[in-house]
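Enquirer: coordinates only, sequence not included:
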């Protein structure tokens, strides 16, 4: 446990600057030696400047203990880069995350044909349709779909995978207990039923915009190949594709009409050497020799209207509504706005119409009374 705390400490101290972390580990040899190094030793290593040294000088593990307590409270698994469960595919990257947090069932990625499927948030109807089809076919054929649970292409790929009754993994740019976007709460719960939610960020981390480009290297890094559904050449989706290329992973693209803006990136990739695919089976065909016992060459036809293959509803009993007797009208509104999920205080303000100062005063009273807990990043969780 002490070494796990040190891995979390290093990731937090360097603010997830994994390139610097890798250099320090190469120089000192172990995370323990990095942790106990002096200011002079840090500077002598040539790996860090004075600004980073100031961060590394703080040896307190209080924050790390808080993170591990949150993990225990919210049923979140945590593994370091030295753990046996950590995927070798990811460990081999120069900027591999030191720590992974997860909810659900963490797959043995090195033994699976995991395929990243990504597409722009502003996807069109065709893109959504082909995304569901490819997600479905990859899982129907025995593979795993990896994506980012964003709106648009990611959502369609996850939905297709779930419809096939397969395993799908979402890599988040927030803590694994923070659902973003909130409109995908239904998808989040379904993914937990069949797969895993993964992040390098500790519980309670807000979905800050700079987190998402970094998480894309994990999506591609966990996967044998990356499939681009639809995207403009300037789309953020291309960050994942570029990560795959830099990591030496296979890249696939769905061809599209030459007069469509959302076909530009895919068609250009194909022109530059990416493999053109029109089904999930086209992708799996590349890996049958690696996983002959797992991948099924008998193709199941995808049908959007096949009711027998809809995403299975959760078999868990419905959670009873909490008894809010004893709370005043404002507090009840706040508790109902938080609901069953961890959400940001600003979203609660928008849902309740309460001004920030008024809301924070009520939040303080509710926290003192044990009705809610305030997580890092002003994320709220209802305890009722």
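Expert: Looks like it came in fine. Please read these numbers as outputs of a predicted model, since none were measured by experiment.
Enquirer: can you give me the strands for the stretch 201-350 of the chain?
Expert: Using DSSP state E, counting those that start in this stretch, the strands assigned to the stretch 201-350 of the chain run over residues 225-228, 250-253, 275-276, 343-344.
Enquirer: tell me the most buried of the ones you listed?
Expert: Burial of the strands of the stretch 201-350 of the chain is given as mean neighbour count (mean count of other Cβ atoms under 10 Å); strand 225-228 ranks first at a mean of 28. Yep, even glycine has a C-beta here, placed from its N, CA and C like the rest.
Enquirer: Partner strands of that strand, with direction?
Expert: Taking DSSP bridges as the criterion, strand 225-228 sits next to strand 114-118 (parallel), strand 250-253 (parallel) in its sheet.
Enquirer: Nearest to residue 24, out of the strands of the stretch 201-350 of the chain?
Expert: Among these, the nearest to residue 24 by Cβ to Cβ is strand 225-228 (29.5 Å).
Enquirer: Touching the closest one from outside, list them.
Expert: Residues outside strand 225-228 that contact it (Cβ atoms under 8 Å, 6 or more residues apart in numbering): 115-119, 134, 219-220, 237-238, 240-241, 244, 249-254, 265-266, 269, 274, 277, 283, 286-287.
Enquirer: my read: residue 98 touches residue 21, true?
Expert: Yes: using Cβ atoms under 8 Å, residue 98 makes contact with residue 21 at a distance of 5.9 Å.
Enquirer: and for those two, which residues touch both?
Expert: Residues touching both residue 98 and residue 21 (Cβ under 8 Å, 6+ apart): 10, 11.
Enquirer: May I see the strands paired with strand 225-228 organised as a markdown table, with mean pLDDT and distance to residue 88 added?
Expert: Output for those, formatted as a markdown table (pLDDT from 0 to 100; distance: least, Cβ to Cβ, whole Å):
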| stretch | mean pLDDT | distance to residue 88 |
| --- | --- | --- |
| strand 114-118 | 98 | 12 |
| strand 250-253 | 98 | 17 |
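Enquirer: of all these, which lies closest to residue 336?
Expert: Among the strands paired with strand 225-228, the nearest to residue 336 by Cβ to Cβ is strand 114-118 (34.7 Å).
Enquirer: Which SSE is immediately downstream of the closest one?
Expert: helix 125-140 (DSSP states H and E).
Enquirer: now that following helix, how far from the centre of its chain.
Expert: 20 Å (Cα atoms, centre = their mean, to the nearest Å).
Enquirer: That helix vs strand 114-118, what angle?
Expert: On the basis of axes from the mean of the first three to the mean of the last three Cα atoms, to 10 degrees, helix 125-140 is oriented at 170 degrees to strand 114-118.
Enquirer: And helix 125-140, what does it pack against?
Expert: When contacts are defined as 3 or more Cβ pairs under 8 Å, 6 or more residues apart in numbering; DSSP states H and E, helix 125-140 packs onto strand 114-118, strand 144-147, helix 153-163, helix 280-284.
Enquirer: Now distance to residue 84 and mean neighbour count too, for those, in JSON lines please.
Expert: Formatted as JSON lines, the helices and strands packed on helix 125-140 follow (distance: least, Cβ to Cβ, whole Å; neighbours: other Cβ atoms under 10 Å):
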{"stretch": "strand 114-118", "distance to residue 84": "18", "mean neighbour count": "31"}
{"stretch": "strand 144-147", "distance to residue 84": "19", "mean neighbour count": "31"}
{"stretch": "helix 153-163", "distance to residue 84": "26", "mean neighbour count": "29"}
{"stretch": "helix 280-284", "distance to residue 84": "27", "mean neighbour count": "24"}
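Enquirer: For those, please prepare a markdown table with the additional fields distance to residue 127.
Expert: What follows is the helices and strands packed on helix 125-140, written out as a markdown table (distance: least, Cβ to Cβ, whole Å):
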| stretch | distance to residue 127 |
| --- | --- |
| strand 114-118 | 11 |
| strand 144-147 | 13 |
| helix 153-163 | 6 |
| helix 280-284 | 15 |
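Enquirer: Quick one: closest of these to residue 59.
Expert: Nearest to residue 59, of these and by Cβ to Cβ, is strand 144-147 at 35.9 Å.
Enquirer: partner strands of that closest one, parallel or antiparallel?
Expert: strand 114-118 (parallel), strand 168-171 (parallel).
Enquirer: Could you dump these into CSV and include distance to residue 229?
Expert: CSV is the format used below for the strands paired with strand 144-147 (distance: least, Cβ to Cβ, whole Å):
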stretch, distance to residue 229
strand 114-118, 7
strand 168-171, 15
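Enquirer: Out of those strands, flag the one nearest residue 292.
Expert: Nearest to residue 292, of the strands paired with strand 144-147 and by Cβ to Cβ, is strand 114-118 at 16.6 Å.
Enquirer: and that closest one, how far from the chain's centre?
Expert: 13 Å.
Enquirer: Likewise for stretch 82-93?
Expert: Distance, centroid of stretch 82-93 to centroid of chain: 16 Å (Cα atoms, centre = their mean).
Enquirer: Rounded mean pLDDT for it, please.
Expert: For stretch 82-93, mean pLDDT is 95.
Enquirer: got the contact list for that stretch?
Expert: 3, 7, 31, 79-81, 96-97, 100, 106, 108-110, 217-218, 221-224, 247.
Enquirer: and the end-to-end length of it?
Expert: By Cα to Cα, to the nearest Å, the extent of stretch 82-93 from end to end equals 13 Å.
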